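K.L.:
Predicted model, plus sequence, below.
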Amino acid sequence: MSAAGRAAAALAALHPVPVPLGVLQAAVLLLDELTAVGADDETRATAGETARLLRVAMGAPGE
């Protein structure tokens with residue numbers, strides 16, 4: 001299974017854990033970059049969805 005496939009499976013099994021806000025913000029920035037230049041459609045889609053979920057978790061406007 002590809003890294004994107006494993007990430008998608010992990011998203012399906014979400015459970016809450018405490019994480020510093022700065023870690024989430026950094027992850028969103030990296031995922032946004034990957035979404036823009038990802039190697040394949042599966043990677044870009046999984047990175048985009050993960051970034052969206054992180055924004056929701058952070059309570060970012062517009063999510």
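P.N.:
Cool, got the structure. Numbers count the residues shown, from 1 in each chain.
K.L.:
give me phi/psi at P16?
P.N.:
Backbone torsions of P16, given as degrees, to the nearest 10, read phi -70, psi 140.
K.L.:
What confidence value was assigned to it?
P.N.:
Looking at P16, its pLDDT is 77.
K.L.:
Ok, the one 3 residues further on next?
P.N.:
Among the per-residue scores, V19 shows a pLDDT of 86.
K.L.:
give me the element it is part of.
P.N.:
Assigned by DSSP states H and E, V19 falls within no helix or strand.
K.L.:
For it, what are phi and psi?
P.N.:
Dihedral angles for V19 - degrees, to the nearest 10 - are phi -140, psi 130.
K.L.:
likewise P20?
P.N.:
Main-chain dihedrals, P20, degrees, to the nearest 10: phi -60, psi 140.
K.L.:
By mean pLDDT, point me to the weakest helix or strand of the chain.
P.N.:
helix 3-12 (a mean of 86; mean pLDDT, DSSP states H and E).
K.L.:
Put the alpha carbons of whichever helix or strand comes after it into PDB.
P.N.:
Downstream of helix 3-12, the next assigned helix or strand under DSSP H and E is helix 21-37. The C-alpha trace of helix 21-37 is given here as PDB (Å, rounded to 0.1, in the frame of the first residue of the first chain):
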ATOM      1  CA  LEU A  21      -1.500  24.200  17.800                       C
ATOM      2  CA  GLY A  22       1.900  25.100  16.200                       C
ATOM      3  CA  VAL A  23       2.300  21.400  15.100                       C
ATOM      4  CA  LEU A  24      -1.000  21.500  13.400                       C
ATOM      5  CA  GLN A  25      -0.200  24.800  11.600                       C
ATOM      6  CA  ALA A  26       3.100  23.500  10.400                       C
ATOM      7  CA  ALA A  27       1.500  20.300   9.100                       C
ATOM      8  CA  VAL A  28      -1.100  22.200   7.200                       C
ATOM      9  CA  LEU A  29       1.600  24.300   5.500                       C
ATOM     10  CA  LEU A  30       3.500  21.200   4.400                       C
ATOM     11  CA  LEU A  31       0.300  19.400   3.300                       C
ATOM     12  CA  ASP A  32      -0.800  22.500   1.300                       C
ATOM     13  CA  GLU A  33       2.600  22.400  -0.500                       C
ATOM     14  CA  LEU A  34       2.300  18.700  -1.200                       C
ATOM     15  CA  THR A  35      -1.300  19.200  -2.500                       C
ATOM     16  CA  ALA A  36       0.100  21.700  -5.000                       C
ATOM     17  CA  VAL A  37       3.100  19.600  -6.200                       C
END
